[in-house]
Structures are given as structure tokens and as C-alpha cells.
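1. Sharing a model that was predicted from the sequence below.
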Amino acid sequence: MFCSETIDDIVANLHACSSGLAALNSSTEDDFLTTGAELREVAARAGEISTAAKAIADLVSGAGLEGHREALQKLFDQMRAYLDLSGRKLNSNTGTLRTILGTSDDVALHLVGFKRIVKHLRVLGISTKIESARLAGGNNAFANIADDVEKLSGLINAKSADILRAVTSSHKVIGETLSKVSLYEERGQGRSQTMLDDIVRNLSSLSEKHERSSIAAQRVVSQSDEISRSIGDIVGSLQFHDITRQQIEHVTEAMDALGEKMSRLRGTENALSAARDLCVSDVCRLQMNQLESAKREFVSAVGGSMDCFRTIAGNVVEISKEAAALVDATGAAGSSFLTRLKADVAEIVRKLKENGEANQGLLSAVESVAVTITDLAAFVGSIEEIGVDIGLLALNAQIRAAQTGSEGAALGVLAEAVRKLSEDARGQTLSISEALTHISSSAQGLRRGGTDEDEIPELNEMVERFGGLLDALEGMDGEVASCINRMEGATKEVETRIRDLISAVRVHETMESSLSGAVAALAKIDGKARQFGPPTGEVRDAGYLKQLEDRYTMHKERSIHRSIINTIGPMAPFPDKEPEGGLGENVELF
């Protein structure tokens, strides 16, 4: 009775333990399928991080960016040369116009001399008339000469007034133009060169920032690749669950087979002896060691995976830091630089246009002066002719005075004075003519300088080229920003998923607890089996134990099996031959 009850109890415990292990296998398999699916999603998002980082690295370190930077450098060098040439031309033209202004002042001074000559001629004309009237017989010849001199002096006065008005008008035009140029220079003509210098320095700074961002992107690529490798290692290591599951299945099969054998002993005459010969205790010890090995390796493997998860989480945090560095180095810095660049170049272009407008204003003033000088040349020619006529009149008066004798001595003196004034007038005319020639020459030089073709490209062409380069840089900057946004989004998702996985994975705790419970249950069965006593034969029959070994598919299972067998007493040796169709001792199917 004791034997039957014990057998029933052992069979029930074996069945309960087997059912529990089968349920454990099923539940852990579901857990691992869920974990595997989640890891595949994480791997996909980690791949997006790597792809975005590689795109950023290609954009900021590629030949395109450097080519654009070099093109901008060359363009700004041309702008600098254009601005320098424009400034030098403006300064030269301004200097020439100031010289013209000074020369026109000299013309005005000479015209003041004409007024003095005219005044003196009028006085001499009146004196000549008075002296002519005093002469006996009232010689009208001298009076006529005096009238002619007066008329000619009036013409000189009129012509000199015309010249003065023209010179004054030109003086005003030149003065107003120079005032505008001075005002332009006061508003910061030299600032354009400073702005260009700042832009060139900022270009170098931008290159340095892009180089730093390229290095940061490469680090992100390396870190994201490491995450992908780590995830791949974890996915690959999930096969340890299959190994553990097979070990548990083999233990379950052994327990089911033992339970079935024990069930068949109920009610037989030699049940106790047969139970002894089944080596129940030995079988239990074997399965306990198999489960302990499975538990130890499973918990260790899951622990290793958890460490990998934590490493991945740390790498993701580093990637987040690198992403922030990328935003600072490329996104924000690049955009702000391009914004400033656009504003600065617009200011420089405005200055260049002002330069051109100022030069054009100078040229317009010069054109006006050139036309005036042409008109003045005719006036000066007329004055010179009048001077000659006055000289002839004076000579005629001297001759007549000499014919008159001693009575005409006074008229001779007056005629000599008129002649000298005519020479003074002609001298003043020569000075004015020389001054006007100098003005005309300077004006012609300015006009020729204004029509010279420069080797530097035209401003509009430079502005158009700059616009194209800026559009390309802004497009590149937009692509980088888009890549950074994608990378940041993927990074946050990976970090969240990994931390969720770390907090959610409890399968190792379940496995450890369940296997420990199964080992404890087998220990109880072993204790009950020992009540049957030792086997009836002096040497254990190893046949059944050999059948257990034949079920194993992994080398470690056979190693555990033999290590335990060698400690449980004498028995017939195991045959060394592999079962037909076997794969050898060292082959693991999983």
C-alpha cells in the first residue's frame, strides 16, 4: 500500500512539474517573440539615425560645401577689388573735380581784373573826349576813338559777366556734387571694406564649424552603427532561449516518460523492485542538474542582454548630445550666418551702387562743366578780339596825337594808357584761356576714365552669382536641418523604446523562479524515490539512463548527464557508439 501511494504521489508530482515546465516554455516564447519584434523596430530606427548622420556628414564635409565656400571667397575677393577700384576712382575723380573747382576760382579772380580794366577804359574814354574838346578846332577824331573804346569796354564787361555767370553755375554744380560725395563718405564708405573683411573671417569660421559638425556626425554614425551591432548581437543571442527551451523540453520528456513507466507499475507484484530498478532518484538528480544548468545560463544570458540594453541607452544619450552639438554647429549657426551674410552683402551692394551713383554724379558734373567750357572758349575768344581792337584804336590815337603836335601830347598819353590796358586785357584773357584749357583737359580726362572698361565683372553679375551661391548654401543648410530633425526624432524613439524594454523584461526573473520551483519539486520526488531503497542488483542497469542520453541534442546536456552518472555508483558502461544518424558529440543543433 505504501508503495502504491508513493508511486501515485511521484507520478502526480512528475506530471505537475512537467506541466509547469511546458507552460513556462510557452509563456517565455511569447515574451521573446514580443521582445524580438520590438528589437527589430529599434534596429530600424537606429538605422535611420545612422542614415541621417551619414547624410549630414556627407553634406557638411563634402566637396559641394567646400566648392561653394571657395566660390564665395573668390566672389568676395572680386567684390573687394571692385570696391577698391571704385573707391580709388571716386577719390581720383573727387580730387580732379576739386582741382577744377580751384581753377574756376582763379578764373573768377581774373574776371575781377576785367572789371578794373573796363572801369579804367571808361575813365580814359571820358578823359579823351574832354581833351579832344579842348583842342582848338574841336577835332572829332579823338572823340570818335573814345566812343569806340567805350563801346568795346562795354562788350568786354558783357562778355566777362557771361563768363562769370557760367563759371559761377559750374562752381555751384561741382560744389553740390562734392558735398554729396562727402556726405556719402561720411556715411561709411570705408565700412564696406570692413564688412567684407568680417565676411571672409566668418567664412573661415563657418568652415571650422562645419568641420566640427562633420566630426560630430561621424561620431554619431559610429555610435549608431554600434547600436545596430549591439541590437544585432542581442537578436542573435535570443537563440539561447531556444537552447534553454529544448533543455526544458528534454527534461519534460524524461519526466513524462518516467511518470508513464511509474504508472504502469501500479498493481504489479514486483512494483517496489521495479520502481527501484527505474533509478527514479538518479533520473531526478539528472533533470535537476539539467534545469540548474539551464537556469544559470538563461539568467546569465538575459543579464548580458540587459547590460547591452543599458549600453545602447548610454550610446543613445551620447547621440542626443552630439545631435545638440550638430544643431549648434550647423543648423542654428549655419542659418544665422547665412542670414547675416545676406544682410551684409546687401549692404555692400548698396554701398557699391552708391559708389557708382557718386561717380556718375561726378561724371554728370563734368559733362556740365565740359559744355560750359566750350561756351566760355567762344566768350574768351571774343574778349581777346576786343582787346586787339582796343589796341588798334589806341595806336591810331597815338598817331593822330603825334600829328597834332604839342597840343596833342595829352591825348598821346591817354592813348598810351589805353594801349597798355588793352595789353592787360589780352593778358587776363590769356590767363583765363589757360585756366579754361586746364579745366577742359581735366574734364576730358574724367570723361575718358568714366568710359574705361574694367576687368572686374560688373556688379549686377556679381550680385547674381552671389544669389545663386546663397541659394545653394541655404538649400544645403535646409537639408542638414531636415536630417538633424529626423535623427533627433529617431534618437528619442530609440531611447524611449530601449528604456521601456529594460523596464519590461522580467522573463529571467520568471524563468529563475519557475526553474527553481521545478528543481525543488524534483528534489521532493527524489526524496520520495529514495524510500524505495537501493536497486536490487549490485550494478545499476544503465539501459534506461542511456535512453535519456539519446534524447539529448546538445553537447552540454550529454556532459551534464555523464558527470552526474559518474557520481551515482557502479553501473554498466555506456556504449561509445552514436545512435545511427547522429551528428557527433560536439554538435549543438541550436
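-> Nice, thanks for sending it over.
2. State the distance from Ala44 to Asp344.
-> Distance, Ala44 to Asp344, by CB to CB, to the nearest Å: 44 Å. Quick note: C-beta positions are derived from backbone N, CA and C, even for glycine.
3. Those two: which has the busier surroundings?
-> Asp344 (16 against 13; other CB atoms under 10 Å).
4. Can you tell me the element the more buried one falls in?
-> helix 333-404 (DSSP states H and E).
5. and the angle for the following helix or strand past that helix with helix 333-404?
-> Tracing the chain past helix 333-404, the next element assigned as helix or strand by DSSP H and E is helix 409-451. Calculated by axes from the mean of the first three to the mean of the last three CA atoms, to 10 degrees, helix 409-451 forms an angle of 160 degrees with helix 333-404.
6. Who are the packing partners of helix 409-451?
-> Under the contact criterion of 3 or more CB pairs under 8 Å, 6 or more residues apart in numbering; DSSP states H and E, helix 409-451 touches helix 63-134, helix 140-186, helix 333-404.
7. can we see that at 6 Å?
-> Helices and strands touching helix 409-451, by 3 or more CB pairs under 6 Å, 6 or more residues apart in numbering; DSSP states H and E, are helix 63-134, helix 333-404.
8. now the angle between helix 63-134 and that helix, please.
-> Using the same axes, to 10 degrees: helix 409-451 against helix 63-134 is 170 degrees.
9. and helix 409-451 with helix 140-186, angle?
-> If you take the same axes, to 10 degrees, helix 409-451 sits at 30 degrees to helix 140-186.
10. and Ser19, which of the helices and strands packed on helix 409-451 is closest to it?
-> Closest approach to Ser19 among the helices and strands packed on helix 409-451 (CB to CB): helix 333-404, 65.5 Å.
11. and the closest one, how far from the chain's centre?
-> 51 Å (CA atoms, centre = their mean, to the nearest Å).
12. for the one helix or strand Cys284 maps to, packing partners?
-> For Cys284, the host element (DSSP H and E) is helix 280-326. If you count contacts as 3+ CB pairs under 6 Å, 6+ apart, helix 280-326 packs onto helix 191-237, helix 239-265, helix 459-504, helix 507-529, helix 555-565.
13. mind giving me CSV with these and columns for mean neighbour count, distance to Val280 and mean pLDDT?
-> Formatted as CSV, the helices and strands packed on helix 280-326 follow (neighbours: other CB atoms under 10 Å; distance: least, CB to CB, whole Å; pLDDT from 0 to 100):
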stretch, mean neighbour count, distance to Val280, mean pLDDT
helix 191-237, 18, 36, 73
helix 239-265, 19, 7, 84
helix 459-504, 17, 40, 80
helix 507-529, 18, 4, 87
helix 555-565, 17, 14, 83
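14. Figure out which of those is closest to Ala274.
-> Among the helices and strands packed on helix 280-326, the nearest to Ala274 by CB to CB is helix 239-265 (5.2 Å).
15. picking that back up, just want the angle from the helix holding Asp344 to helix 191-237.
-> In terms of direction (the same axes, to 10 degrees), helix 333-404 departs from helix 191-237 by 170 degrees.
16. circling back to that earlier point, of the helices and strands packed on helix 280-326, which approaches Asp30 most closely?
-> Checking the helices and strands packed on helix 280-326 against Asp30 by CB to CB gives helix 507-529 as the closest, at 9.6 Å.
17. Run through the residues that contact Ala16.
-> By CB atoms under 6 Å, 6 or more residues apart in numbering, no residues touch Ala16.
18. again, only this time at 10 Å
-> Applying CB atoms under 10 Å, 6 or more residues apart in numbering to Ala16 gives the contacts Met255, Gly259, Ala518, Ala521.
19. Which parts of stretch 382-399 count as buried, going by neighbours?
-> If you call a residue buried by 16 or more other CB atoms under 10 Å, then stretch 382-399 has these buried ones: Ser382, Ile383, Glu384, Ile386, Gly387, Ile390, Gly391, Leu393, Ala394, Asn396, Ala397, Gln398.
20. gap between Phe32 and Phe298?
-> Note on Phe32: its distance to Phe298, by CB to CB, is 11 Å.
21. Next: Ile498.
-> Distance of Ile498 to Phe298, given as CB to CB: 21 Å.
22. any idea of the mean pLDDT in stretch 301-320?
-> What stretch 301-320 shows for mean pLDDT is 78.
23. buried stuff in it?
-> Ala301, Val302, Ser305, Cys308, Phe309, Ile312, Ala313, Asn315, Val316, Ile319, Ser320.
24. still on that earlier bit, export the contacts of Ala16 to TSV and append columns for distance to Arg562.
-> Below are the contacts of Ala16 laid out as TSV (distance: CB to CB, whole Å):
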residue	distance to Arg562
Met255	20
Gly259	24
Ala518	22
Ala521	24
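25. now for the residues you listed, which pair is the farthest apart?
-> It's Gly259 and Ala518 that sit farthest apart of these, by CB to CB, at 14.1 Å.
26. re earlier: where among the helices and strands packed on helix 409-451 is average confidence lowest?
-> helix 333-404 has the lowest average pLDDT among the helices and strands packed on helix 409-451, namely a mean of 74.
27. other SSEs contacting that helix?
-> helix 63-134, helix 140-186, helix 191-237, helix 409-451, helix 459-504 (3 or more CB pairs under 10 Å, 6 or more residues apart in numbering; DSSP states H and E).
28. residues contacting Thr168?
-> Ser104, Ala108, Leu111.
29. Considering those residues, which possesses the most neighbours?
-> Most neighbours among the contacts of Thr168, by other CB under 10 Å: Ser104, with 23 neighbours.
30. Was I right to think it contacts Ser170?
-> Yes. With contact defined as CB atoms under 10 Å, Ser104 counts as touching Ser170 (6.0 Å).
31. intersection of neighbour lists for the two?
-> Common neighbours of Ser104 and Ser170 are listed as Val369, Thr372, Ile373, Ile439 (criterion: CB under 10 Å, 6+ apart).
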